[in-house]
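Asks: Build the 3D model from these lines:
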Amino acid sequence: MKDLQRFAESKNNVVIHSPRRFGKTSLVRRLQKKLAGKGAVT
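Replies: Have a look, this model is predicted:
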């Protein structure tokens with residue numbers, strides 16, 4: 001999560017790759033919520 005947040009804050013692109021049903025969307029939504037709390041537009 002810390003690495004993804006750092007990439008997002010520095011406006012880098014990231015590819016999240018894993019099989020279906022491994023929580024990729026949940027991870028991204030948690031990150032969006034965290035960044036929105038800091039005032040970022042997600």
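Asks: for His17, what are its contacts?
Replies: Contact analysis of His17 by CB atoms under 8 Å, 6 or more residues apart in numbering lists nothing. Using the backbone N, CA and C atoms, a C-beta is placed for each residue, glycine as well.
Asks: Check the gap between Asp3 and Glu9 for me.
Replies: Here Asp3 is placed at a distance of 11 Å from Glu9 (CB to CB, to the nearest Å).
Asks: higher neighbour count, these two?
Replies: Glu9 (11 against 8; other CB atoms under 10 Å).
Asks: The more buried one against Leu35, yeah?
Replies: Yes: with contact defined as CB atoms under 8 Å, Glu9 counts as touching Leu35 (7.5 Å).
Asks: For stretch 28-42, give me every contacting residue.
Replies: Taking CB under 8 Å, 6+ apart as the rule, stretch 28-42 contacts 1, 4-5, 8-9, 16.
Asks: Return the members of those residues classed as buried.
Replies: 4, 8 (16 or more other CB atoms under 10 Å).
Asks: I'd like the contacts of stretch 28-42 laid out as a markdown table, including distance to Val28.
Replies: Shown next, in a markdown table, are the contacts of stretch 28-42 (distance: CB to CB, whole Å):
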| residue | distance to Val28 |
| --- | --- |
| Met1 | 11 |
| Leu4 | 8 |
| Gln5 | 11 |
| Ala8 | 10 |
| Glu9 | 15 |
| Ile16 | 7 |
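Asks: Among the contacts of stretch 28-42, which are located in helices?
Replies: 4-5, 8-9 (DSSP state H).
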